[in-house]
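J.: Sequence and predicted structure below; questions after.
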Amino acid sequence: MRLDKFLANAGIGSRSEVKQYLKKGMVQVNGLVVKKGDLTIHENSDRILFQSQPVEYEKYYYYMLNKPQGVVSATEDNFQKTVLDLLGDCRRNDLFPVGRLDKDTEGLLLITNDGALAHRLLSPKKHVGKVYYARIEGKVTEKDVNDFREGLVFDEEFSALPANLRILSSDDISEIEVEIFEGKFHQVKRMFQAVNKKVLFLKRLSIGPLKLDSNLKPGEFRPLTESELHSIL
Ligand code: URA
């Protein structure tokens, strides 16, 4: 593996930050300062130090992606671009997105090869809150806030647990934030359908304590930082 890729994967920084760290002589491989990112290293046997601290080879990878619209939350698809196609050099066969966002939904998607973590974050029993920002056709009212708070029954097939709806603005097009604790198919869209409203735009802002980095443009991703990782492990 290339040294710069190894360091970025290990969460030291983005590829461009890693380049700067290398330039500044902050990285050593087997006792020698290395400034070039294209050096091939053997992650299981070479001793790599960053600021004199060993960088461990990672078994698990954790990326935060700002999912753009028009991309499917799958690992592969014969016809459509997938979220894994956005990972470029960081793509690995064992990575998968934690849960799904609709093709037209944007925002925070966690991509990992840590199945146990994915299970914990997705399990409805764990009540991990997910916050979405949405633009809604029509006026969202206090009655909608109450209906969401009490939980919704749409039809035999769809009911929703209590959710926290916050109105940011209410007009012909309203802006809201909603926190939900489950992840059924089209969950937020169906909740608004249950109160006779239509979601025009949907973006996930957070999963539990993990917040979408506002510096990431749609389509961009980065490894989780140590503290982000600890907050969800
Ligand atoms: N709810 C939806 O309706 N769509 C998503 O992509 C996520 C939550």
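T.: Received the coordinates, thanks.

J.: For the residue lying closest to Asp171 once chain neighbours are set aside, which residues are in contact?
T.: Spatially, and ignoring its direct neighbours in sequence, Asp171 is nearest to Lys139 (6.5 Å; Cβ to Cβ, 6 or more residues apart in numbering). Heads up, the C-betas are built off the backbone N, CA and C, glycines and all. Taking Cβ atoms under 8 Å, 6 or more residues apart in numbering, we find Lys139 in contact with 170-172, 174.

J.: Now, of those, which are buried?
T.: The neighbour-count criterion (16 or more other Cβ atoms under 10 Å) marks 170, 174 among the contacts of Lys139 as buried.

J.: Now for the contacts of Lys139: which two are most distant?
T.: Ser170 and Asp172 (9.5 Å; Cβ to Cβ).

J.: out of the contacts of Lys139, which one sits closest to Leu108?
T.: Nearest to Leu108 among the contacts of Lys139 is Ser174, at 21.8 Å by Cβ to Cβ.

J.: Is the closest one in contact with Ile136, as I believe?
T.: Yes - with contact defined as Cβ atoms under 8 Å, Ser174 reaches Ile136; the gap is 4.6 Å.

J.: For the residue nearest to Asp171, report the pLDDT, please.
T.: If you check Lys139, the pLDDT there is 96.

J.: And for Thr105?
T.: For Thr105, pLDDT reads 98.

J.: Ok, His119 next?
T.: 91.

J.: That one in helix, strand or coil?
T.: Look at His119: counting by DSSP: H, G, I helix; E, B strand; the rest coil, its state is helix.

J.: And it, how close does it get to Gly183?
T.: 13 Å (Cβ to Cβ, to the nearest Å).

J.: The ligand contacts on this structure?
T.: 101-102, 105, 186-189, 202 (Cβ under 6 Å from any ligand atom).

J.: what do you get if the cut-off is 8 Å, keeping everything else the same?
T.: Selection of the chain residues close to the ligand by Cβ under 8 Å from any ligand atom yields 73, 100-102, 104-105, 130, 132, 180, 183, 185-191, 199, 202, 204.

J.: Identify those among those that sit within helices.
T.: 187-191 (DSSP state H).

J.: host element of the residue positioned nearest the centre of the chain?
T.: The residue lying closest to the centre of the chain (Cα atoms, centre = their mean) is Leu109, at 2.4 Å. Element membership for Leu109 (DSSP states H and E) is strand 106-112.

J.: With only the CA atoms kept, save that strand in PDB.
T.: In PDB, the C-alpha atoms belonging to strand 106-112 read as follows (Å, rounded to 0.1, in the frame of the first residue of the first chain):
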ATOM      1  CA  GLU A 106     -28.200  13.800   0.600                       C
ATOM      2  CA  GLY A 107     -26.000  13.900   3.600                       C
ATOM      3  CA  LEU A 108     -24.300  11.800   6.300                       C
ATOM      4  CA  LEU A 109     -23.600   8.200   5.400                       C
ATOM      5  CA  LEU A 110     -21.200   6.100   7.400                       C
ATOM      6  CA  ILE A 111     -19.200   3.600   5.400                       C
ATOM      7  CA  THR A 112     -17.300   0.900   7.100                       C
END
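
J.: Can you list the buried residues in that strand?
T.: For strand 106-112, by 16+ other Cβ under 10 Å, it's 106-112.

J.: Show me the shaky parts of the chain.
T.: In the predicted model, the chain carries no residue with pLDDT under 70.

J.: Tabulate the CA atom coordinates of the lengthiest strand in the chain in PDB.
T.: When the chain is parsed with DSSP state E, its longest strand is strand 198-207. Extracted in PDB, the C-alpha atoms of strand 198-207 (Å, rounded to 0.1, in the frame of the first residue of the first chain):
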ATOM      1  CA  LYS A 198     -44.500  16.100   0.600                       C
ATOM      2  CA  VAL A 199     -40.800  16.100   1.200                       C
ATOM      3  CA  LEU A 200     -39.100  18.100  -1.500                       C
ATOM      4  CA  PHE A 201     -35.500  17.800  -0.300                       C
ATOM      5  CA  LEU A 202     -34.000  15.600   2.400                       C
ATOM      6  CA  LYS A 203     -30.600  15.600   4.000                       C
ATOM      7  CA  ARG A 204     -29.300  13.600   6.900                       C
ATOM      8  CA  LEU A 205     -27.300  15.700   9.400                       C
ATOM      9  CA  SER A 206     -26.400  13.300  12.100                       C
ATOM     10  CA  ILE A 207     -26.500   9.700  13.400                       C
END
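
J.: Done for today, thanks.
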